[in-house]
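**Student:** What shape does this take:
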Amino acid sequence: MNRADRLSLWEREERHPFTGWDFAHLDGRMIAGEPPWSYPDRAAALMRGATALLDVDTGGGERLLELREAWPRRVTATESYPPNVRVATERLGPLGATVVAARSTSSSTGTPASMSRRPSASWRPGARSSPGRCTASGRTT
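**Tutor:** Residues are numbered from 1 along each chain as shown. Predicted structure coming up:
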């Protein structure tokens, strides 16, 4: 494939409608490695023992919907991509979940931070930190 053909293909992909986390249009063309554990199984087990859930960057809510049977009583989801906020609200709202439009942290001035004065888990220092990000759990990390 020459450079002009690759550019044309890339431009077509850029124009493809994108909402939620539905990548069906990439079937057979995308390779993704899977972790050695099951995210849905682990998430469902944690939800069953929780009284509330916060799903950050829910996309269109697809993954959260797959876990519906394990939802705790209160469910809140955040999303910063406006088209996905609408999709997630339409999908999750009727089931009692609250969807919050979050400000994107991808801007040059945005610095994501997560804080909990009384964490429910013991986090080792720096476990959730990376350059430009801060996690506080009642102590400095």
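
**Student:** Pull out the buried residues from stretch 62-81.
**Tutor:** 62, 64-65, 67, 70-71, 75, 77-81 (16 or more other C-beta atoms under 10 Å). Bear in mind the C-beta positions are built from the backbone N, C-alpha and C, glycine included.

**Student:** avg pLDDT for it?
**Tutor:** Averaged across stretch 62-81, the pLDDT comes to 94.

**Student:** Tell me how far it lies from the chain's centre.
**Tutor:** 10 Å (C-alpha atoms, centre = their mean, to the nearest Å).

**Student:** Mind listing the strands the strand or helix carrying Val99 pairs with, and their directions?
**Tutor:** Per DSSP states H and E: Val99 is located in strand 98-101. Applying DSSP bridges, strand 98-101 is found paired with strand 74-79 (parallel).

**Student:** Any chance you could list what contacts the strand it pairs with?
**Tutor:** 51-59, 61, 64, 85, 88, 92, 95-102 (C-beta atoms under 8 Å, 6 or more residues apart in numbering).

**Student:** Can you tell me which of those residues are buried?
**Tutor:** Neighbour counting with 16+ other C-beta under 10 Å marks 53, 55, 58-59, 61, 64, 85, 88, 92, 97, 99 as buried within the contacts of strand 74-79.

**Student:** tell me, which helix in the chain spans the most residues?
**Tutor:** helix 3-15 (DSSP state H).
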